[in-house]
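Enquirer: Structure for this input, please:
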Amino acid sequence: MKYTYKTQNTCSRSIEFEIEDGIVRNVKFNGGCMGNTQGIAVLVEGMKAEDVIARCKGIQCGFRGTSCPDQLAKALMSVN
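Expert: Modelled structure (predicted):
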């Protein structure tokens, strides 16, 4: 199933992704630091959503209180 999550307090504006049988697929960050967000998307491709959440939840970017990986974890938690 396809989802779009509106991010908060990050340079990226939203995250598009799919979850198939608990597996993360086709992650795309809209906006943000292109190299970093593309890297995150490639690294989590094919991972279990619960594993992505465990690894990315709580990662900070400066003083923002969140980060693009943290927002991805929140996006996945919102649909699980």
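Enquirer: so the residue nearest the centre of the chain is in which element?
Expert: Nearest to the geometric centre of the chain sits Leu72, at 2.1 Å (Cα atoms, centre = their mean). Per DSSP states H and E, Leu72 falls inside helix 68-79.
Enquirer: Now that helix - C-alpha only, PDB.
Expert: C-alpha atoms of helix 68-79 as PDB (Å, rounded to 0.1, in the frame of the first residue of the first chain):
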ATOM      1  CA  CYS A  68      14.800  12.800   8.100                       C
ATOM      2  CA  PRO A  69      15.500   9.300   9.400                       C
ATOM      3  CA  ASP A  70      13.400  10.000  12.500                       C
ATOM      4  CA  GLN A  71      10.600  11.300  10.400                       C
ATOM      5  CA  LEU A  72      10.700   8.100   8.300                       C
ATOM      6  CA  ALA A  73      10.400   6.100  11.600                       C
ATOM      7  CA  LYS A  74       7.400   8.200  12.600                       C
ATOM      8  CA  ALA A  75       5.900   7.800   9.200                       C
ATOM      9  CA  LEU A  76       6.200   4.000   9.400                       C
ATOM     10  CA  MET A  77       4.800   4.000  13.000                       C
ATOM     11  CA  SER A  78       1.800   6.000  11.800                       C
ATOM     12  CA  VAL A  79       0.700   3.200   9.500                       C
END
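Enquirer: Could you name the helices and strands sitting against that helix?
Expert: Helices and strands touching helix 68-79, by 3 or more Cβ pairs under 8 Å, 6 or more residues apart in numbering; DSSP states H and E, are strand 2-6, strand 12-20, strand 23-31, helix 34-44, helix 49-56. Where you see a C-beta, it was placed from the backbone N, CA and C, and this is true even at glycine.
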